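Undergrad: Build the 3D model from these lines:
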Amino acid sequence: MKKSFTSIPNLLLSLALCFVLCSCSSTSVKMNESSPWKTIQFEDQANALDVDFIDDNHGFLVGSNRLIMESNDGGETWEKRSLDITAEENFRLLDIDFKGSEGWLIGQPSLVMHTVNEGKNWTRLSIGKLPGQPFLVTTINDGVAELATTAGAIYETSDSGESWNAKVVDASGSGGVRDLRRTNNGEYVSVSSLGNFFSTLEKDGDTWIAHQRASSKRVQSIGFNPEGSLWMLSRGAEIRFNEDSSDLESWSKPIIPILNGYNYLDMGWDPNGDIWAGGGNGTLIVSKDQGKTWSSDPVASGLPTNYIKIVFLDEENLDNQKGFVLGERGYILKWNS
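TA: Numbering: from 1, shown residues only. Here you go, the predicted model:
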């Protein structure tokens with residue numbers, strides 16, 4: 001009799017587990033035979049955090065520990081550069097953005113720099129006391145840029161950084177951010193610092209709109225696909241896609257390609273329309289059928305790094321699209337296809 005009673009909880013547990021697994025879309029992941037990525041390893045083992053190009057050949061890469069590197073051959077090789085900041089200031093250079101010869105660079109804590117001659121010279125700007133730390137900068141036009149902070153505040157300058165006007169002051173809806181993205185037409189999306197909700201900001205809007213996350217799993221990052229729809233990466237290595245752009249509470253079932261204990265940290269769409277997702281312990285996977293099935297990249301999987309950002313540059317000043325996967329400890333991948 002005792003044996004019968006102990007089997008019932010086990011049966012219920014098995015049924016519950018089956019229900020949970022069936023509610024997810026999990027796929028087997030094979031290793032691709034070839035890779036479109038080329039490995040680049042820097043002597044400086046700082047973490048690369050962002051990259052942008054002025055034209056097909058000339059670009060900059062920035063990262064932790066004041067890392068700034070310049071390429072004049074399309075990203076094949078990189079040379080370390082320096083900024084006019086004191087040695088005691090150990091900035092984390094977080095974001096860089098160019099439009100023509102004009103560019104902006106931001107770092108933490110509280111660094112904003114501006115160039116008008118393709119990065120030959122950088123001017124450090126005084127921004128005063130802003131809510132939060134600089135997080136994202138966008139070059140809009142000559143002398144015009146937008147700066148977003150970790151508090152969800154957004155400021156605009158129209159005089160090359162001499163003055164900044166608040167576009168969004170009450171950033172309570174953002175909850176402080178762990179991730180923040182902007183579309184080319186000025187829409188924003190952010191993930192709260194705890195990952196317990198996400199927020200959106202319409203073009204020229206002045207108030208963040210908070211939204212519930214898709215499940216009980218905390219959100220790692222969120223962003224826009226090339227068509228402007230949202231994707232979401234959550235803990236537990238879950239991938240979701242927004243199914244209706246007019247309903248931001250409508251999300252696909254979680255896709256869990258690999259259960260290896262590492263979360264995905266970023267996603268990107270390559271020039272062919274394939275979806276890439278990167279994460280911890282050399283995890284870089286690709287889907288060629290809109291997320292239905294996935295495969296691993298053989299070059300990326302062999303590197304001792306975590307992939308923290310995927311960047312595909314499709315700008316009017318570039319004849320060919322460029323792509324990079326930014327990793328930790330001095331590793332990046334360059335798109336070679």
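
Undergrad: which element is Q220 on?
TA: strand 219-224 (DSSP states H and E).

Undergrad: Next secondary structure element downstream of that strand?
TA: Counting by DSSP H and E, the next helix or strand C-terminal to strand 219-224 is strand 230-234.

Undergrad: Tell me the bridge partners for L284.
TA: In this entry, L284 is beta-bridged to G278, by DSSP bridges.

Undergrad: In this structure it contacts D274, no?
TA: No: between L284 and D274 there is no contact under CB atoms under 8 Å: 11.9 Å. C-beta here means a position set from N, CA and C on the backbone, and glycine is covered the same way.

Undergrad: Who has more neighbours out of these two?
TA: The neighbour count for L284 versus D274, taken as other CB atoms under 10 Å, is higher for L284 (24 against 15).

Undergrad: Tell me how far that one lies from M267.
TA: 11 Å (CB to CB, to the nearest Å).

Undergrad: just I258 next, same as before
TA: From I258 to M267 the distance is 14 Å (CB to CB).

Undergrad: what residues are shared contacts of L284 and M267?
TA: Counting by CB atoms under 8 Å, 6 or more residues apart in numbering, the residues touching both L284 and M267 are W276, A277, G278.

Undergrad: now those: which count as buried?
TA: Buried subset of the shared contacts of L284 and M267 (neighbour count, 16 or more other CB atoms under 10 Å): W276, A277, G278.

Undergrad: circling back: redo the shared contacts of L284 and M267 as JSON lines? Include pLDDT.
TA: Below are the shared contacts of L284 and M267 laid out as JSON lines (pLDDT from 0 to 100):
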{"residue": "W276", "pLDDT": "98"}
{"residue": "A277", "pLDDT": "97"}
{"residue": "G278", "pLDDT": "97"}
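
Undergrad: thinking again about what came up before, more neighbours, I258 and M267?
TA: The residue with more neighbours, out of I258 and M267, is M267; 23 against 18, by other CB under 10 Å.

Undergrad: Quick check: the gap between that one and R235.
TA: The spacing between M267 and R235, counted by CB to CB, is 15 Å.

Undergrad: Leaving out chain neighbours, which residue sits closest to R124?
TA: Distance criterion CB to CB, 6 or more residues apart in numbering; nearest residue to R124, sequence neighbours excluded, is M113 at 5.3 Å.

Undergrad: ok, now which ones touch that neighbour?
TA: Neighbouring residues of M113 by CB under 8 Å, 6+ apart: L83, W104, L105, I106, G107, W122, T123, R124, L125.

Undergrad: which one of the residues you listed is nearest N47?
TA: G107 (13.1 Å; CB to CB).

Undergrad: Which residue comes closest to that closest one once chain neighbours are left out?
TA: Spatial nearest neighbour of G107, excluding adjacent residues (CB to CB, 6+ apart): F91 at 3.9 Å.

Undergrad: which ones are touching the one you found?
TA: Counted by CB under 8 Å, 6+ apart, F91 has contacts R66, I85, G107, Q108, P109, L111.

Undergrad: coming back round to it: what's the strand holding Q220 in contact with?
TA: With CB under 8 Å, 6+ apart as the criterion, strand 219-224 contacts 178-179, 181, 183, 187, 189-192, 195-198, 213, 230-235, 263-267.

Undergrad: shaky segments in the stretch 201-337 of the chain?
TA: The model of the stretch 201-337 of the chain has pLDDT under 70 over residues 337.
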